[in-house]
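Novice: one predicted model, sequence on top.
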Amino acid sequence: MENGKKAALGATAVALLAVGVRVGLIYRERHAPEAPVTVAQQAKLPDDAFVFLKKKRPSSMADLKELNGTTVWVSAGGQMDFYPVSGGHADYGRKAGTLLGAEPIVVEGALEQVAPKAATFRVPGGDRQVLLRFRRPPSLQGPGDGAKEFAVPVGYRESGQYTFSTDEIFFYDDPHGLYKHWGTAVWNAIDAHRATLGMSESQVQMALGQVSDSVSQEYGNRRVMYSNLGHPMDVIFVKDKATAVMPHQ
């Protein structure tokens, strides 16, 4: 019996000792001075990482109406074809152009209609395709454009359910302000849809469009071919800076 009591007491002591050690470790861990920040941790995040891109996430035609009368700017540059509107319908047979990066449009409303297969490459047709009606601001209007209305696909209806891509196609705030840290020279080149030395991949994409191809997945350190609306350009990036810009051969 005595041996049993001694064994029990011994086990209790070991258990208490283990608890005490654990508590001590936790106390030391919580009260120890903070470890010095490493050089890698001190590395400054790029300014682009702090840009807040607004999302509206529309799910109905009523949600889409919130854009009426507002200006939005193109994010999906070089991807979205647009069409003239006549009699309240988009004329899919007469492509009017392709929206370019950072280009502003003034939203007039929306419409739904059955789309031909050729118009469903970027946005599915569903049962009916949804298009935003818009006008171009005076600074981008060609001769006679002031009275013209256009439409660009932004979503579709399938079995009564709507799917919209406006958050991916547009900026809801002027990107010239969102990315003002890019500087005047870069923005002048983007607005002229030119790539220049020293630009980042994001900046070149805004200038030449999102339709591109590369054999490398190493963003910022690779050669990229930009379709550039039928005038392909090759850009070589090193440490996310364009070191060469040339027509694609």
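Specialist: Received, thanks.
Novice: find the centremost residue of this protein, please.
Specialist: Taking CA atoms, centre = their mean, the centroid of the chain lies closest to residue 168, which sits 5.9 Å from it.
Novice: that one reaches residue 76, doesn't it?
Specialist: Yes - with contact defined as CB atoms under 8 Å, residue 168 reaches residue 76; the gap is 6.4 Å. Any C-beta I mention is one placed from the backbone N, CA and C, and that applies to glycine too.
Novice: strands of the chain, start to end?
Specialist: Applying DSSP state E to the chain gives strands spanning 71-74, 81-86, 89-90, 97-98, 104-113, 128-135, 150-158, 161-164, 170-171, 212-213, 222-226, 233-238, 241-247.
Novice: okay, how far is it across stretch 232-242, tip to tip?
Specialist: For stretch 232-242, the first-to-last residue distance is 16 Å (CA to CA, to the nearest Å).
Novice: list the buried residues for it?
Specialist: Using 16 or more other CB atoms under 10 Å as the test for burial, stretch 232-242 gives 232, 233, 234, 235, 237, 242.
Novice: returning to what we had before: okay, the strands of the chain, which one's buried deepest?
Specialist: Ranked by mean neighbour count, the strands of the chain are led by strand 170-171 with a mean of 24 (mean count of other CB atoms under 10 Å).
Novice: and that one, what does it pack onto?
Specialist: Packing partners of strand 170-171 (3 or more CB pairs under 8 Å, 6 or more residues apart in numbering; DSSP states H and E): strand 71-74.
Novice: so residue 173 sits right up against residue 56, yeah?
Specialist: No - if you go by CB under 8 Å, residue 173 and residue 56 don't touch, sitting 11.6 Å apart.
Novice: what about the residue lying closest to residue 228 once chain neighbours are set aside, how many neighbours?
Specialist: Leaving aside its sequence neighbours, residue 228 sits nearest to residue 208 (CB to CB, 6 or more residues apart in numbering; 4.7 Å). Residues near residue 208, counting by other CB atoms under 10 Å, number 29.
Novice: I figured residue 208 hits residue 226, correct?
Specialist: Yes - using CB under 8 Å, residue 208 is in contact with residue 226, at 4.0 Å.
Novice: shared neighbours of the two, anything?
Specialist: Common neighbours of residue 208 and residue 226 (criterion: CB atoms under 8 Å, 6 or more residues apart in numbering): 195, 233, 235.
Novice: bridged to the second one, which residues?
Specialist: For residue 233, the beta-bridge partners are residue 226, residue 247 (DSSP bridges).
Novice: go on, residue 152?
Specialist: Residues in a beta bridge with residue 152, per DSSP bridges, are residue 132.
Novice: touching, it and residue 79? I think so.
Specialist: No - the criterion here is CB under 8 Å, and residue 152 misses it with residue 79 at 10.2 Å.
Novice: hey, what's in contact with both of the two?
Specialist: Shared contacts of residue 152 and residue 79, defined by CB under 8 Å, 6+ apart, comprise 99, 169.
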